[in-house]
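Visitor: give me a 3D structure for the following:
(chains A and B)
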Amino acid sequence: MSFFKKLKDKISKKTEEVTTKFKEGLSKTSSSFTEKIETLVLRRKKIDEDFYEELEEILIGADVGVNVVMDLIDELRTEVRKKKIEDAADLQPVLSEKLVELLSGKEDNSLNIQETGLTVILFVGVNGVGKTTTIGKMAHRFNSEGKKVLLAAGDTFRAGAIEQLEVWGNRVGVDVIKQQAGSDPAAVIFDALQAAKKREADILLCDTAGRLQNKTNLMEELNKIYRVIKREVPNAPHEVLLVLDATTGQNALSQAKLFGEKTGVTGLVLTKLDGTAKGGIVVAIRNGMDIPVKFVGLGEKMDDLQEFDSEQFVHALFAGLIKDEEEREEADEVSEE
Amino acid sequence: MAAFEGLSSRLQNVFGKLKGKGKVSENDVKDAMREVRLALLEADVNFKVVKDFINKVKEKAIGQDVMESFTPGMVIIDIVNKELTSLMGETQSKLNKSNKPPTIIMMAGLQGAGKTTTTGKLAKYLQKQNHKPLLIAADIYRPAAIKQLQILGEQIDAPVFSLGDKANPVDIAKQGLQQAKENHNDYVIIDTAGRLHIDEELMNELKEIKETVKPDEVLLVVDSMTGQDAVNVAESFNEQLELTGVVLTKLDGDTRGGAALSVKAVTGKPIKFAAMGEKIDALEPFYPDRMASRILGMGDMLSLIEKAQTNIDEEKAKEMERKMRKAEFTFEDFLEQMEQVRNMGPLDQIMDMMPGMGKMKNMKNLNVDEKQLARVEAIVKSMTTEEKRKPEILNASRRKRIALGSGTSVKDVNRLLKQFEDMKKMMKQFSTMMGGQGKKGKKPKLGKGFKFPFG
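Guide: Now for the predicted structure:
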């Protein structure tokens, strides 16, 4: 059985609803990406330098990152030489498989939620990636699972950030622990931790102000928040999620690295994946460092935050390619008979 | 970022090699162009733009000018830099102004690009030029967006017009404009909701606002960290709204901002402003030439020199420069320099403007941290005058005393001494480099051969 069939079988066991969400969210991404690869293969029948160059451009166009792409192309070259592939069409399955390999990981994507007692989740990221919105959506998620959720308004810097979180709190029906704008965010988080303990909350979601990762002072402030959480609750924070905008380019690597250094990032949330963004940066990050993607934002609705499933992601992203593969396999089967 | 800086220094190596060559073959040019191509791609410049660009540069670089020049390498670098600058619009582009006030500016962009913050910053920028802007809160979708604009308005003492989040954005814009006319505001800035460029419904709303108020400026706010998709976004916003300009945000991050280049190249619309910090006055006019150097990882010498000029005493600078070249630089000078550098603004920003930063950041000893600087200052101040002048006399017991005096450890003192030596070396490099830049003299007002005196 081919790789893609296996993948498809796995997917079909999963709930229809989630698959649709992924497919819809990624439809823009997948169609443009696959189309490009297909036309490339059709147009360039031969595998030559121009072919590689164009392939390079398609991949780079998806924000996969120069280094990863160079490696991939090198691998393809070896493969082509080894298997003596001449037609571009014959390269396609090899290429698809390599791409899928790049995206799928074996690591655990699930959140580290404590069975008993408080789970603290800290959200970090640069400005405007959607931290507060993600927290709102996640609060909704946990709340509907019947968990007692508290939100901590740790973004005391941006104008209107506390109000924004409060609006979410009202929508979802959970409490927000806050102080005035401009107060020490670590103090807000401290308060929230105490409140969460006292009220016996299950989940505490901590918002922080967006900051550029090269601002030393602001990163130290974040590190202080991290230390406060560590000190007040044993083994906390249980998750530190770096929120990334899917349209971000290569700068995401720097973000992952520097936020990782200061707060021990345990996972990524990829937001705004419903645009035309390709989210190829996930590949770049996966290759650059070992941080799993845990959630993806696939739309603007409250329940559009989905647990990341690399199989779903790959399936949705390469839907076109996979279909082609199937047709080919079927054709093969027919001819064998 | 290791990969990132690796590329930047590779690029500098290639240029360095070219610089040294008396003759440049076609192959040399090809190699150099490959590195340039990678550097641009790594900086998130759109791949289509890169392709055109490389072809153009190749054409010029293989031409006769280069081959005949005595310093072909320099000529090629110059070509790359010039082409990049022209791609970004050559000169700084000013805000349009209406003949009949108020001048209407409409902001548009994706979610999280920084529209609301930029609206506030732009208002502040206008106020500094003695204008009276009115802000209109037409983002009724994002929770607390109106509140955010109101807080910003309060901070800078600018009126904010709002009808709450239940009114129609088109009506809000219309009525806001009316109010501006009544109150004699000469500028109106409309903050709109962030949206995906593929969301037709919301795009239509923007179009409607545009038809209704007929703005003099439609500015697209673009996050400078955006990747390859920036082009698609800009293209479709431009198609639907006919942009008049672009504002780049978050340029104070460590991104190279290749998206900037692509947006200009694809839409043909000038980048008018760049947002460079969290403070409300951190909005600056955009200079294409400076951005070109930044994208290539060559630093932004012009901004740096300009900053230095306004803040550093030229006489002193000359003296310092002489000392540096002759390696007479002492800890006394070092203290003075530190003071002067501090006057220029946050250190990390200054560092970013310097060429060759890729190499420097790799040196573990060099940490760009203001607190660290204070510690360094304490150490130097704990030295006697003689020690400052002749650091080589610092033996173990002197070092111990200095550590005690400055509240640091001997390790810290040793590290500083090591750094000082490194720095001396680096300054020598810099002063030679800067000599070259000064002579080119793009900006005559800088004075001939102005050399920049610190490392």
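Visitor: just give the nearest non-adjacent residue to the residue in the stretch 1-150 of chain A that chain B sits nearest to, would you?
Guide: Nearest residue of the stretch 1-150 of chain A to chain B (CB to the nearest CB) works out as A:Gly128 at 3.0 Å. All C-beta atoms are positioned from the backbone trio N, CA, C, and that covers glycine. Setting aside the residues directly before and after it, A:Gly128 is nearest to B:Gly112 in space (CB to CB, 6 or more residues apart in numbering or on different chains), at 3.0 Å.
Visitor: kindly report the same for B:Ala230.
Guide: Nearest one to B:Ala230, counting by CB to CB, 6+ apart, is B:Ala259 at 3.7 Å.
Visitor: that neighbour touches B:Leu220, doesn't it?
Guide: No: at 11.4 Å, B:Ala259 does not count as touching B:Leu220 under the criterion of CB atoms under 8 Å.
Visitor: more neighbours, those two?
Guide: The neighbour comparison of B:Ala259 against B:Leu220 (other CB atoms under 10 Å in any protein chain shown) goes to B:Ala259, with 31 against 27.
Visitor: helix or strand for that one, which one?
Guide: Here B:Ala259, judged by DSSP states H and E, is contained in helix B:258-267.
Visitor: helix or strand right after that helix?
Guide: Following helix B:258-267 in sequence order, the next helix or strand is strand B:271-275 (DSSP H and E).
Visitor: who does that following strand pair up with?
Guide: Using DSSP bridges, strand B:271-275 pairs in its sheet with strand B:245-249 (parallel), strand B:283-285 (antiparallel).
Visitor: what's the neighbour count on A:Asn112?
Guide: 14.
Visitor: do B:His184 as well
Guide: Around B:His184 there are 10 residues (other CB under 10 Å).
Visitor: could you do B:Asp412 as well?
Guide: Using other CB under 10 Å, B:Asp412 has 19 other residues around it.
Visitor: where in chain A is pLDDT low?
Guide: Applying pLDDT under 70 to chain A flags the ranges A:1-17, A:25-32, A:104-107, A:276-278, A:314-337.
Visitor: which residues of the chain fall in strands?
Guide: Since you didn't name a chain, this refers to chain A. For chain A, the strands defined by DSSP state E occupy A:119-124, A:149-152, A:175-177, A:203-206, A:239-245, A:267-271, A:293-297, A:305-307.
Visitor: chain B, not that one
Guide: Along chain B, counting by DSSP E, strands occupy B:103-109, B:133-138, B:160-161, B:187-192, B:217-223, B:245-249, B:271-275, B:283-285.
Visitor: please convert these to JSON lines, extending it with mean pLDDT.
Guide: What follows is those, written out as JSON lines (pLDDT from 0 to 100):
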{"stretch": "strand B:103-109", "mean pLDDT": "95"}
{"stretch": "strand B:133-138", "mean pLDDT": "95"}
{"stretch": "strand B:160-161", "mean pLDDT": "95"}
{"stretch": "strand B:187-192", "mean pLDDT": "95"}
{"stretch": "strand B:217-223", "mean pLDDT": "94"}
{"stretch": "strand B:245-249", "mean pLDDT": "93"}
{"stretch": "strand B:271-275", "mean pLDDT": "91"}
{"stretch": "strand B:283-285", "mean pLDDT": "89"}
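Visitor: and the gap between B:Met276 and B:Thr244?
Guide: B:Met276 sits 22 Å away from B:Thr244, going by CB to CB, to the nearest Å.
Visitor: before we move on, back to that, wait, the residue nearest to A:Gly128 sits on B:Gly194?
Guide: Yes: between B:Gly112 and B:Gly194 there is a contact under CB under 8 Å: 6.5 Å.
Visitor: about what we covered before: a markdown table for the strands of chain B, including distance to B:Leu335?
Guide: Shown next, in a markdown table, are the strands of chain B (distance: least, CB to CB, whole Å):
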| stretch | distance to B:Leu335 |
| --- | --- |
| strand B:103-109 | 45 |
| strand B:133-138 | 44 |
| strand B:160-161 | 47 |
| strand B:187-192 | 45 |
| strand B:217-223 | 40 |
| strand B:245-249 | 37 |
| strand B:271-275 | 33 |
| strand B:283-285 | 30 |
